[in-house]
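Undergrad: what shape does this take:
(3 chains)
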Amino acid sequence: MSWRRVNGGWGKVARLRAPVPAPLALLAACDGPQSVLAPAGPAAGRLTDLSWVLFIMGALVLALVAALLLYALFRRQRSPFPPTPEGDRRSTRWIVIGGVVFPGVVLSVLFLHVLQVERAAGRPADDPDLTIEVIGNQWWWGVRYLSREAHRVFETANEIHIPVGRPVRVRLVSRDVIHSFWVPRLQGKRDLIPGRVNETWIQADAPGVYRGQCAEYCGLQHANMALLVIAQPPAEFEAWYAQQLRPAAPPADSTARRGQAVFLESGCALCHAIRGTRAGGELGPDLTHLASRRTLAAGALPNTRGHLAGWIADPQTLKPGNLMPAVPLDAADLQALLRYLETLR
Amino acid sequence: MSTAPVIRPRDEEKAERFRKVWDSPRGIDGIIREINNIPVAHRYMASAFSFFLAAGLLALVMRTQLARPGSAVVDPETYNQLFTMHGTTMMFLFVIPFTEAVATYMLPLMLGTRDLPFPRLTALSLWTFIFGGLFIFSSFLFGAAPNGGWFAYVPLTNIEYSPGINMDFWDIGLSVAEIAAMGAAAEIMISVLRMRAPGMALHRIPMFAWAMLIVAVMIVFAFTPLIVGTLMLELDRKGLTAFFKPEAGGEPLLWQHLFWVFGHPEVYIMFIPAVGIVTHVVQAFARRPIVSYTLVVLALLATGFISFGLWVHHMFTTGLSPVAMGLFVAASFLIAIPNGIQVFSWIATLWTGRPVWRTPLLFVVGFIIIFVAGGLTGVMVGAMPFDAQVHDTYFVVAHFHYVLIGGVVFPLFAGLYYWLPKITGRLLDERLGKWNFWLMFISFNVAFFPMHVSGLLGMPRRVYTYPEELGVGSLNMVSTIGAYGFALGVALFLVNVVVSFWRGRPAGANPWDADTLEWSETSPPPNAQFERIPVVRSRHPMWEQDSLGPVDARTRKLLEPLDTAPTGWRGALVVSVLDGRPLALVHVPSPTIWPFVMSIGFVVLLAGALLDSLITLGVGAAITAVSTVGWFWPAKTERLAIEEIGTAAEADRLPLAVAGPLANGAWGTAVLIVVLLTALVTFITSYFYLGNGPFGWPPTAPDLRLPAIATVLAAAVAGAGFGLLRAARRVERKGARRLWTAAAMLLSATFTALSMVAYLGMSVSPSSSAYASALVGLLGFQWSVMVMVFVMMGVGAAWAWAAPRDPRGHGVAFNAALVALFSAASWAAVFVTLYVTPRLW
Amino acid sequence: MRIRVGGGRSTTREPPFGWGRLFVAVFGGPIAWSLHLLVSYFLVALFCSTGWPGLGIALAAATALAAAAAAGSGLLAWRAWREHVDGQPWDSALSDPRGWATGFLLVVGMVAAGLFLLIILLAGLPPIFLSGCGAGQPLAAGGAP
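TA: Residues are numbered from 1 along each chain as shown, chains lettered A, B, ... in the order given. Have a look, this model is predicted:
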């Protein structure tokens, strides 16, 4: 599948990046779906600014030290030898200047800057009015949209939709081991720790799809635990929200009806929930609006009919070790099930 | 600058007898009886380097898998085993043992003494390390290699999510590295502080010795929390406790604290020896002393301290308080200052010296550049907002490989090119060496520089594969090519070493015209190392001294009888800590089989713990017990030797140190007590941490009556300890020694029994809650200490009865008394924690 | 047979003053910093778990105390140097003035005191810029949804 690039990105960063020297510009050109260097929100933007400050300072210091070292080795005009005590005292003064005073001053200033960035990136400017709970599971993300009104709460998986330009609070909990929620283009990572509840916030300044991935080693399929954050204009987001709140539509045709029966009776419902049906399993992702999602198995596969069929028939080959067992279905049942799942828009 | 002449002893017949005492034992059993530092270090270095090669091969398989997106060279399970074992092996089975091995070989030579203070412990460390390393690697045979990461985060590594024995191999196998590292730490500390050439005052000891001294102290404070943590983890895995189980009130973050309070100092434990090696190479090849020795020592000391205040920067993403994290950012930034001092002092030395281009210097130059780059990215990841982005990505992988390969492997290679001629007596080939360096330097950067970028592009660590869309495919391909190039560089080194064995030019005593004492001996040096004790009057004796003989009459008079002497047993000199004045003669044990046997006991114990097999555990315990008895047995031959030399010592006018603060044994016991104290503090801190502060628990304070009686008994143990301390000072008071050792045995046994009864009376299962686990942790620690008192007192009593006239028995008793005093103090702390604090709030 | 159990036979006192004083003079700065780190960390945990006000003041007090301790140890090292090392007579067995090794340690102690003073002061800054008790809370306290 192709990733929608966000043109323009975050204004301030684009301005900042304009005058950087050529080798750095080369790096900046490397913007990918998970690139730290292509921020799309205020928090990530500040972190990227800080990154460039650090890279440039680091490059300068490295160049300085390397130059001094090479000059020390190759300079023609050697100091008097054997060395004199006065010469050594002078050298010691240089060591104190280069090794104590210089790093002391630079790092103290940098420290203050880092504290400021932390303050700015740590909290949103306005208090978020939307809170999303992300639940870590081996190896997928449960997503619950929280609300004080119980009927406004719903659950989905592996895909988070947010309104553009508004900060969103993310509550982080884990159901099994430690995971880490990381959507690099929006915010730094934060861990999901069993027995604790953690919090972070994200905000996207432009519509787009932002890929994220579990960043704390969480077992066999740590590599295949991705999620998508989809930022939408507020109206589009509200429409999506309203759609997600609805229970699944009843199957419209006979094939879909047969598919629903297969779902409910072949064991799928033991682990998966589909609101509006008897299926209320909690071990696997909520499938109420499966067809509206872009990926399967936490980003392991694009959500197409073929991949879905392959996933149901043989999940252990596609993502070895995941908790979903292969369900033995004959071809007709499988086709019916696929038909039904495709109606879950 | 003149080279000191090698001094030949005058009396050849006496010298022959002297050498015979120090010779390696012959015969097949000689192999396992060997305890002298030089042959033991050969084996130590060879085995640790083998683990380096093995871990490198694991890395090549990983790089092959990652070369392209979505490849399936290995399956995910295998990949997870590979990265876990790569990290674990490099850290625990290569870097630390290898630097310890180098120290085992070099320290006595550099310090001008004849052996390490506890040769039997050296041998024990070696054998335990070899068997333990093979034990961990044997997991591959069962397809059950550790797979939870070298950092083993809970709950992933708890039995619920890692049901196989993979992580048991890791957890139990690590105790090997822990035993070996602790043993080496005690040796190095005491060796540097006390076993130096006369005149080698603290401001003159070689930088490598300073580095190893600081590292040894760090190992004591850093490895102890790891030991406690892995013990807790293993108990949790066996279902006996719930330290880290959130469903029972345990806390996964406690593991992270315990692990990183070890793990960050660990980085510097690996790096600081490199500073020592580099300083020597810079001095030798800049042809001048290091500029500002004092500042470099200060830098090492400051690094050692600060490294303990960085651990939270591995936890910046766990949601801790920003204020608390800020404290650690400050430390993470300012550790750059001591490192800056070192780097600038090497540059200043080269600047004002006359650099000579030899392979060791090349490796040092490569080291400085790579290490500075790694240090700068280290400052970056210490900045917590930036860390939130790059934490657990390939940026961090790049960073620590710059620090560890650049900062440790390159210096070690510099050290090998510098010291191997001393060890083998043959020079390595310069041309191959230069090829070796350039291949390693270039391919290192090819392999690891791109990883910075792939991390910034969003590639997390510890993934067995990545999707093409991430856009890191070509970067990974480049990294893989670099990795193979690096492997080729290492292979070239091996070729160079092998070729030098049969073609290398003879090195002679001092091929580099270097400055420190190891270059005054032949290459390779004899087991006894210094037939005549050298006298040091300078930081660079081979450059600044005309001779290594004494110049003042008093020192000459003290040392002359020690030329090629003693001849009936192995003897070495101890000096005062600060000024290096000769204090006493110490007896260094002769070859013995028991360290080897004991290490087999350890490994059988490990296997028993792994397999939950009581029979195996019993066999292991029996072997360990038998070897303990054998180890401490007052063997008759040794006894005669001691008595014979007692008189020799009279003539030498230096006392023979066997007991009390003058003897190395008491210093070793002091190290043991510091270890125990650190463990106690770790347990107490964990107790309060799990209780979420001093207000948390327990719901009801435990009953006070039996513990109060136990307190009286503990005080009585202390009393017996005091009595024994006095009795151990007088040779004729064997009756008092028998009385106090027996009393202490009885009291410590009664204490343990009573305290156990009190615990059983509470009828809480340790697995039921984190509180119960923490309680049992503290009590179990106290019981272990009391059992230790019991055993040590038992050994003391055995000596008092079986060999009352052997002076070494006093040493045993004195050391047992010290531990008895500690046991009482430790109980006071445990008592207050468990029984008093719940009543305060 | 002569068995030595007590101290050695050194004729000069080593160090020229007590071991305790030498220890404080050399390690005072680093230890002040270590304690500052641990105490500050504990204070944050304490104030956050109890909800008490005044964390900033408590941290500032800890910083002031630790800074004073580090500075004090540097001063102690300097005075010990002036009193016991500076201008001592030559010791031929050492080929250095008497107490030179002690003096070396005192110099290390003086510089260490300055370095760790800087770290303590820097570590005292975060409360001025940052506040709050971390996002992570035990589940019981944070409450299930």
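Undergrad: interface residues of the stretch 151-300 of chain A facing chain C?
TA: A:171, A:173, A:190-191, A:193, A:195-200 (CB under 8 Å from any CB of the partner chain). Just so you know, the C-beta spots here come from the backbone N, C-alpha and C atoms, and that holds for glycine as well.
Undergrad: what about whatever residue of the stretch 251-400 of chain B ends up closest to chain A, neighbour count?
TA: Using CB to the nearest CB, residue B:388 is the residue of the stretch 251-400 of chain B that sits closest to chain A, at 2.4 Å. Applying other CB atoms under 10 Å in any protein chain shown, we find 26 residues neighbouring residue B:388.
Undergrad: and it, what is it in contact with?
TA: Applying CB atoms under 8 Å, 6 or more residues apart in numbering or on different chains to residue B:388 gives the contacts A:47, A:121, A:187-190, B:316-317.
Undergrad: skipping its backbone neighbours, what lies nearest the residue of the stretch 201-350 of chain B at minimum distance from chain A in space?
TA: The stretch 201-350 of chain B approaches chain A most closely through residue B:246 (2.7 Å), counting by CB to the nearest CB. Nearest non-adjacent residue to residue B:246, counting by CB to CB, 6 or more residues apart in numbering or on different chains: residue A:195, 2.7 Å away.
Undergrad: again, but for residue B:105
TA: For residue B:105, the spatially nearest residue (CB to CB, 6+ apart) is residue B:41, at 3.5 Å.
Undergrad: and the longest helix along chain C, how far out from the chain's middle?
TA: For chain C, the longest helix by residue count, based on DSSP state H, is helix C:19-50. Taking CA atoms, centre = their mean, to the nearest Å, one finds the center of helix C:19-50 at 7 Å from the center of the full chain.
Undergrad: quick check: the gap between residue A:202 and residue C:135.
TA: Going from residue A:202 to residue C:135 by CB to CB, to the nearest Å gives 13 Å.
Undergrad: run a quick neighbour tally on the residue nearest to residue B:246.
TA: Using other CB under 10 Å, residue A:195 is surrounded by 20 other residues.
Undergrad: which sections of the chain are below the confidence cut-off?
TA: Here I'm looking at chain A. A:1-30 (pLDDT under 70).
Undergrad: oops, chain B please
TA: For chain B, the stretches with pLDDT under 70 are B:1-10, B:636-653, B:692-696, B:699, B:731-732, B:841.
Undergrad: centroid residue for it?
TA: residue B:181 (2.7 Å; CA atoms, centre = their mean).
Undergrad: do stretch A:83-94 and chain C meet?
TA: No. Figure legend: stretch A:83-94 not in contact with chain C (CB under 8 Å from any CB); closest approach 11.3 Å.
Undergrad: end to end, how far does stretch B:512-524 reach?
TA: Stretch B:512-524 has an end-to-end distance of 15 Å (criterion: CA to CA, to the nearest Å).
Undergrad: please identify the buried residues of that stretch?
TA: Neighbour counts using 16 or more other CB atoms under 10 Å in any protein chain shown place B:512, B:514-521, B:523-524 of stretch B:512-524 among the buried residues.
Undergrad: the residue of the stretch 201-350 of chain B closest to chain A reaches residue B:158, doesn't it?
TA: No. At 9.9 Å, residue B:246 does not count as touching residue B:158 under the criterion of CB atoms under 8 Å.
Undergrad: neighbour count winner among the two?
TA: With neighbours defined as other CB under 10 Å, residue B:246 and residue B:158 compare such that residue B:158 has more, 26 against 21.
Undergrad: what's near enough to touch that one?
TA: B:233, B:236-237, B:244-245 are the contacts of residue B:158 under CB under 8 Å, 6+ apart.
Undergrad: and if you look at residue B:441?
TA: B:366, B:370.
Undergrad: in chain C, mark out all the helices, start to finish.
TA: C:19-50, C:55-80, C:100-123, C:126-129, C:139-142.
Undergrad: deepest of these, which one?
TA: The highest average neighbour count among the helices of chain C, using mean count of other CB atoms under 10 Å in any protein chain shown, belongs to helix C:100-123 at a mean of 24.
Undergrad: now do the residue nearest to residue C:113 when sequence neighbours are not counted, the pLDDT please.
TA: Nearest-residue entry for residue C:113: residue C:74, 2.9 Å, with adjacent residues in sequence omitted and distances by CB to CB, 6+ apart. Per-residue pLDDT puts residue C:74 at 97.
Undergrad: list the contacts of residue C:74.
TA: By CB under 8 Å, 6+ apart, the neighbours of residue C:74 are C:28-29, C:109-110, C:112-114, C:117.
Undergrad: same check, this time on residue B:309
TA: B:327-328, B:331, C:33-34, C:37.
Undergrad: any chance of those in CSV, with distance to chain A too?
TA: As requested, the contacts of residue B:309 are exported to CSV (distance: CB to the nearest CB, whole Å):
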residue, distance to chain A
B:327, 11
B:328, 12
B:331, 11
C:33, 15
C:34, 19
C:37, 15
